[in-house]
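# This is the structure alone, sequence omitted:
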């Protein structure tokens, strides 16, 4: 993870303090979904969207230029795998990956974590999972969608 801006939480635990901002890149190949993810995150005072991209090439360039602290990765690269995309992004950026998908699959979640992702969320639950996942990833913590967590092996 980068040593740049990170979120912190109020000492009373009620939510983020506003002394720092989490820099986030959103990589999603479906425009309407990407816009929705950005709207959810952009509404948070401690989160700044620094890049919105539609494919892996754009994502690689954006993370090199913008140096986000967290990358929300929901790409399906043509001729490649989503897991390979995570590895490629981590190869050029010191960032935490939030792996976002419509798939409730423990094997895919395990593969994403093995590739270096910090979080695995279900996009159909983004309104409740995305922001906590981004904040957890920014703190270096793991976040797993509850729908997937019950299917993972202990210790994941």
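Thanks, I have the structure now. Bear in mind that the values here come from a model prediction, so they are computed numbers and not experimental data. Residues are numbered from 1 along each chain as shown.
# Check whether the residue nearest the centre of the chain sits in a helix, strand or coil.
By C-alpha atoms, centre = their mean, the chain has its centre lying nearest to residue 98, at 2.2 Å. Here residue 98 is strand, with the state taken from DSSP: H, G, I helix; E, B strand; the rest coil.
# ok, now residue 84?
helix.
# quick one, phi/psi of the nearest residue to it once chain neighbours are set aside?
If the residues on either side of it in the chain are set aside, residue 84 comes closest to residue 77, at 7.1 Å by C-beta to C-beta, 6 or more residues apart in numbering. For glycine as for every other residue, the C-beta is placed from the backbone atoms N, C-alpha and C. Main-chain torsions, residue 77, degrees, to the nearest 10: phi -60, psi 140.
# I'd say residue 77 and residue 87 touch.
No: contact criterion C-beta atoms under 8 Å: residue 77 and residue 87 do not qualify, at 11.4 Å.
# Number of residues surrounding residue 122?
20 (other C-beta atoms under 10 Å).
# surely it meets residue 151?
No: taking C-beta under 8 Å as the definition, residue 122 is not a contact partner of residue 151, at 12.0 Å.
# Quick check: neighbours shared by those two?
residue 104 (C-beta atoms under 8 Å, 6 or more residues apart in numbering).
# residues touching residue 144, list them.
Residue 144 makes contact with 109, 119-120, 152, 156, according to C-beta under 8 Å, 6+ apart.
# can you pull out the helices in this protein?
Assigned by DSSP state H, the helices in the chain fall at 31-42, 56-66, 82-92, 106-115, 126-138, 146-149.
# If you count contacts, what does the fourth one end up packed against?
What it means is helix 106-115. Secondary-structure packing of helix 106-115 (3 or more C-beta pairs under 8 Å, 6 or more residues apart in numbering; DSSP states H and E): helix 82-92, strand 96-101, strand 119-122.
# Now do it and strand 96-101, the angle between them.
Interaxial angle, helix 106-115 versus strand 96-101 (axes from the mean of the first three to the mean of the last three C-alpha atoms, to 10 degrees): 160 degrees.
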